[in-house]
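S.K.: kindly generate the corresponding structure for this input.
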Amino acid sequence: MSKQAAAIPYASVDLSVNGAGGLLILAEQSGGLTFWQSSSRETVVFRDGYLNSTRGLQANLLSSRQTDAAGNLIQPWAETQHDSVRYQVERSWEDSRGRRHAGRAQALFECGAEPESVELPLATFDLTRCVESLQWESGKKTRSVVWRHPDTHRVWAGDAVAWPGGLHVTWQVARPWW
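M.R.: Down below sits the predicted model:
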């Protein structure tokens, strides 16, 4: 993947969904949203570097929303200055049969105290490992991990589970878009 990423001068991520994937080029950027599209038109959308939605997959994350205790929209991976933050997550998704679902979870986002060396497709950085633990109203639990820059809080890599039993998306930034 490193040779392929080095040969492409555009913003790119090494991305996989449920174990299948490859190097994707940035298709579009709008505010904090980035759109990554495969050659078969499957699209993965990040908000401030974190999984937000998908289209064209066998099952899709339709929306994702995070709010603090006062109901304000937040992106804890991008905004928090704290080692941990609690918030609520609301997500909707479509399963492989086309049925729509929605779920709500209580979330805890916790970051490690010391950065770790993380090898990415084109570089190695010292990044902070942060874990998002979700306790869903259904009683199920999911856990996602992001590696972000300790100063800028930009997400450089992630390993996310979109909903219980749902999409498993991993990514590593090859060439940044910021």
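
S.K.: quick check: what element follows the helix or strand of the chain with the lowest mean pLDDT along the chain?
M.R.: Within the chain, confidence by mean pLDDT, DSSP states H and E is lowest for helix 2-7 among all helices and strands, at a mean of 63. As assigned by DSSP states H and E, the chain's next helix or strand after helix 2-7 is strand 12-17.

S.K.: what helices and strands are in contact with that following strand?
M.R.: Packing partners of strand 12-17 (3 or more C-beta pairs under 8 Å, 6 or more residues apart in numbering; DSSP states H and E): strand 20-30, strand 168-175. (Each C-beta comes from the backbone N, C-alpha and C, glycine too.)

S.K.: among these, which is nearest Ala11?
M.R.: For these, the distance to Ala11 is smallest for strand 20-30, at 3.9 Å, taking C-beta to C-beta.

S.K.: what comes up buried for the closest one?
M.R.: Neighbour-count burial for strand 20-30 flags 21, 23-24, 26 (criterion: 16 or more other C-beta atoms under 10 Å).

S.K.: just flag the most distant two among the residues you listed.
M.R.: Between any two of the buried residues of strand 20-30, the greatest separation by C-beta to C-beta is 15.1 Å, found for Gly21 and Leu26.

S.K.: do a quick rundown of the strands in this structure.
M.R.: Per DSSP state E, the chain carries strands over the ranges 12-17, 20-30, 33-37, 43-47, 50-55, 60-67, 84-94, 100-111, 116-119, 124-136, 141-148, 155-161, 168-175.

S.K.: got CSV for the ones you listed, with distance to Pro76 and mean pLDDT too?
M.R.: Conversion of these to CSV gives the following (distance: least, C-beta to C-beta, whole Å; pLDDT from 0 to 100):
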stretch, distance to Pro76, mean pLDDT
strand 12-17, 21, 95
strand 20-30, 21, 93
strand 33-37, 17, 96
strand 43-47, 12, 96
strand 50-55, 9, 96
strand 60-67, 7, 97
strand 84-94, 5, 96
strand 100-111, 4, 97
strand 116-119, 19, 97
strand 124-136, 8, 97
strand 141-148, 10, 97
strand 155-161, 11, 97
strand 168-175, 18, 97
